[in-house]
Structure formats: structure tokens, C-alpha cells
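[1] need coordinates for the below:
(one chain, ligands or ions: 1)
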Amino acid sequence: MKPQLCEEFAVRFGRYGGLFVPETLVQPLKELAEAYERLMKDGEFHSELNLLLKHFAGRPTPLYFARNLSRELKCRIYLKREDLVHGGAHKLNNTLGQALVAKRMGKTRLIAETGAGQHGVATAIVGANLGFETQVYMGEVDIERQKMNVYRMELMGAEVIPVRSGSRTLKDAINEAMRDWAASFEHTHYLLGTAAGAHPFPSMVRDFQSVIGHEAREQILEAEGRMPRSIVACVGGGSNAMGIFAPFLKDDVRLLAVEAGGRGPGRTDKIADNGASMGYGSDGILHGALTKILQDPFGQILESYSVAAGLDYPGVGPELAYLAETGRVLPKLADDKTALQGFRALSRLEGIIPALESAHAVGYAMQEPEALGDLAIINISGRGDKDLATVMDYENL
Ligand SMILES: *Cc1c(COP(=O)(O)O)cnc(C)c1O
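    Residues are numbered from 1 along each chain as shown. Down below sits the predicted model:
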């Protein structure tokens, strides 16, 4: 079915965003958009969510003054510690929020897509805790690569459904989940994992992740009595970046969004040599939104590449695409080598092993400290335990 644009209720960010989906998905997206808008104004909903964020997820997370890294880079650097959220990354902020929306809508089943498995795990966590039947679509290639996360999901009662279409990775898993949802939305919520896709997902995911930026704003004011000069976050689809950036959009703060610069030269016609859709992509439609994507000259989506599995989404959320175009957000690159330097440096200097995704933000900061000004926050989106085998393999190459 040909995607169509429904302007009726879809939010746009400049020309980006919108709702380019088959007819069968318009109804579920519309119902979801209405429920989310209503619940964002519902005090009881927020009390319930805040209770879970506090007692289950472990919020607020600290804003930690990284004294050794600061000395090294000659800039005062604070780390927003999303690595300390239950599950080991920021992803639970979003899955908790959406699961509560689903509950209020009377849904009994959650479906989700996952690439590296981190979002699938965060969905399995809320599925178990809040009593949903949970099924996670995952490409066959990724299932093979991420056995531990498959096992984690299964331990928590989720079923992992192998996806055999296309390149058998993340983008195909999203397509399958959307297909399922079109037929099952009466009782099923599709829990999308990043600030991308059709409306209302980019806005809803941003709002649930904005808890990161709201806390950081209060914490930096308390610690330093002023705004930071810059904030650095890594970008896959854009949820941790939008989450920390959103509450600072009106402030005089440089927002540095670090994409995976990949392994450098070596492009084949099927695989992009990076994950940098914001910096190097072009306009196209991906998963229901007009945004910046990695595509070949014929409009075929390229598979993206990064040493950090969580960064290889072949597009970026529409709001970030817009903010980058208007110059409010500055797209930056960190390649594998830079990320690994960040990974080692933060481990060694601060005793904090970051996720390889977050290590891109750290590596970029170390490479371009002059871009940070005299006071910066780096969003540590997750912890690195999941990446130890990858790093060991890389260093043995
Ligand atoms: C999934 C993930 C990312 C990338 O996703 P965004 O939606 O861009 O935040 C970054 N860091 C960690 C730790 C992740 O698990």
C-alpha cells in the first residue's frame, strides 16, 4: 500500500515529521495521539509515572562532576548518569511512559522492535512489571549477534519473533511490528523505541525522555548557579539527545549531537559507512515520517554501520533533522576509533564504563574540547557492560 500523508492531526517540525503511513495505520496512530495528548495533561497519570520512575527506574539520576576528565580537557564537565537507570540505559524512561499510556487505553499486549536488543529488553521489563503480553520483533541477524539480550527478554516473559525479511535487521523489525499493529491495535500497543517514526511517536518519546533534561537543568543550576555552555549527546534515532536537549532549546546553550562516523572509507552499495543520517543523509520517508535518512541514489535505504549497535538506525528523528537544519542543534561525528578512546578514557579517568553509544559523545568531547566552552554536560545514555565482548574483539583485530 502506498504511504499517504495525513495532515489532519500530525505534527510537523518544519517540513519534517508528519504521518506517511498506509491507511490501516491512520486509525491506531490517531487514537494514540489523542490518548497521549489527553494523558500529558492528566495529573494522576503523571503521579503514577513519577512513582515508577522514582522507585522502579531509580530516578532522579545524578549529575556527576567528572573531576578528572575536567582536568584533562580544561573545562568543567558534568555527566548525566542515565547509565544508572534500571536496565542500564535511558530506554526505560520511554517504555515506562508508553506502557502506562497503553494501560490507560485498555491495551493488554505490547509489541516492539529491537536492533541490538536494548529497547526489546526495556520493553520486556515493563511488560513483566505492568502485566502485558509482550512480543518483540527482531531481525534474524541481530538475534544471532545479541544472544544475551534475547535470553534476557525471554527470562522476563517476552517472546522474541525472528524477522526474516529484507536485511533481517532493525528497519525490517520496525516494518514487521507496524504490520502486526495494523491488524492488532484494538488490544495491542506498538511501543516504538526512539524519537522517530510517524506522529505521535517523535513527540511522545521526546516528552517521556525529557525527564533527563528537566533534571539536568535543575541539577546544573544547583551545582553551578548557571546554564552550561554546551550539552553533548550521542544520536541513534535521537531519543536520549532530544530528551536532554528539549528543556534547553530556548537557552543559550550549544547542543552538540554526535552521530556514529563509522569505520571511515570502505562504502559498499548496500552498507553506509556510518550512521550519520543527520549530518550526511538526505530527505526521505522512513517508518512513517519525512526525515533525513541514509539512502542510495535510487532511494533504497542503506544499512548503517557503527561499532555501537544502538547507533545504527538508518535515519534520525524528524525533530532533530529540523533542529539540525535550522542550526539550533549542531551535528557532529565520532568514528569507531574516537568512540573506543572515549570508552577507555571514561573508564580509566572516572571509573565509569560507558555504553559504546555514549562513548561517542565522550570521544567527541575529548577530540574537540574547544567546542564545549567552559562548562559542559555529557549525557551518558547507558552503561558499557553489554559492550565488553565487542571492545575486546575490536582490540584483538
Ligand atoms: C539505544 C541507545 C542509544 C541510541 O538511541 P537514541 O534513541 O538515539 O537515544 C544510545 N545510547 C544507548 C545506551 C542506547 O541503548
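[2] pLDDT score for A345?
    pLDDT recorded at A345 is 98.
[3] swap in the one 4 residues further on?
    For L349, the pLDDT comes out at 98.
[4] what do you get for G275?
    If you check G275, the pLDDT there is 67.
[5] then A308?
    Predicted confidence (pLDDT) for A308: 86.
[6] repeat that for A361.
    pLDDT for A361: 98.
[7] the one 10 residues further on now?
    The model reports A371 with a pLDDT of 98.
[8] again, but for the one 3 residues further on
    Reading off the confidence values, D374 has pLDDT 98.
[9] around the ligand, pick out the residues from the protein.
    With Cβ under 6 Å from any ligand atom as the criterion, the chain meets the ligand at residues 89, 91, 118, 194, 234-241, 310-311, 355, 357-358, 381-382. Heads up, the C-betas are built off the backbone N, CA and C, glycines and all.
[10] run the last query once more with 5 Å
    Proximity of the chain to the ligand is confined to 89, 118, 194, 236-240, 310, 355, 357, 381-382 under the rule Cβ under 5 Å from any ligand atom.
[11] so which of the residues you listed sit within helices?
    Q118, S239, N240, E357 (DSSP state H).
[12] and the residue of the chain found nearest the ligand, what does it touch?
    Residue of the chain nearest the ligand, by Cβ to the nearest ligand atom: G382 (2.4 Å). By Cβ atoms under 8 Å, 6 or more residues apart in numbering, G382 lies in contact with E82, D83, G88, A89, H90, K91, Q118, G310, P354, A355, E357, S358.
[13] which pair in these has the greatest spatial separation?
    Distance extremes for those: the farthest pair is K91 and P354 at 14.9 Å, using Cβ to Cβ.
[14] give me the domain ranges for this protein.
    Domain ranges of the chain: 13-51+91-205, 58-89+209-395, per automatic domain parsing.
[15] and the longest one, how far out from the chain middle?
    When you say that, I think you mean domain 58-89+209-395. The chain centroid and the centroid of domain 58-89+209-395 are separated by 10 Å, computed with Cα atoms, centre = their mean, to the nearest Å.
[16] what about it, start to end distance?
    Criterion Cα to Cα, to the nearest Å; first-to-last residue distance in domain 58-89+209-395 is 34 Å.
[17] how about stretch 83-101?
    Start-to-end span of stretch 83-101 (Cα to Cα) is 25 Å.
[18] for that stretch, what is the average pLDDT?
    98.
[19] what's the strand or helix carrying E48 packed up against?
    In this structure, E48 is located in helix 43-52 according to DSSP states H and E. Helix 43-52 sits against helix 91-104, with contacts defined as 3 or more Cβ pairs under 8 Å, 6 or more residues apart in numbering; DSSP states H and E.
[20] extract the residue ranges of this protein that are flagged as low pLDDT.
    Scanning the chain for pLDDT under 70 picks out 1-8, 263-275, 397.
[21] which helix of it spans the most residues?
    helix 23-39.
[22] can you point out the buried residues in that one?
    If you call a residue buried by 16 or more other Cβ atoms under 10 Å, then helix 23-39 has these buried ones: L25, V26, P28, L29, K30, L32, A33, A35, Y36, L39.
[23] which SSE is the nearest residue to the fourth one once chain neighbours are set aside in?
    Spatially, and ignoring its direct neighbours in sequence, L29 is nearest to A198 (5.6 Å; Cβ to Cβ, 6 or more residues apart in numbering). Here A198 sits in a region with no helix or strand, counting by DSSP H and E.
[24] can I assume A198 is in contact with Y16?
    No. A198 is beyond contact range of Y16, at 11.9 Å (criterion: Cβ atoms under 8 Å).
[25] higher neighbour count, the two?
    A count of neighbours by other Cβ atoms under 10 Å puts A198 above the other of A198 and Y16, at 27 against 22.
[26] any idea how far the more buried one lies from A355?
    27 Å (Cβ to Cβ, to the nearest Å).
[27] neighbour count added to the ones in helices among the residues of the chain next to the ligand, as JSON lines?
    Below are these laid out as JSON lines (neighbours: other Cβ atoms under 10 Å):
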{"residue": "Q118", "neighbour count": "27"}
{"residue": "S239", "neighbour count": "30"}
{"residue": "N240", "neighbour count": "33"}
{"residue": "E357", "neighbour count": "33"}
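[28] from those residues, pick the one nearest E72.
    Lowest distance from E72 to these (Cβ to Cβ) belongs to E357, with 21.6 Å.
[29] wait, the closest one sits on V307?
    No. Look at E357 against V307 with Cβ under 8 Å: they stay out of range, at 9.6 Å.
[30] what do those two both touch?
    Common neighbours of E357 and V307, using Cβ under 8 Å, 6+ apart, do not exist here.
[31] partner residues bridging the residue nearest to W181 when sequence neighbours are not counted?
    Leaving aside its sequence neighbours, W181 sits nearest to Y190 (Cβ to Cβ, 6+ apart; 4.2 Å). Going by DSSP bridges, Y190 is paired in beta bridges with I111.
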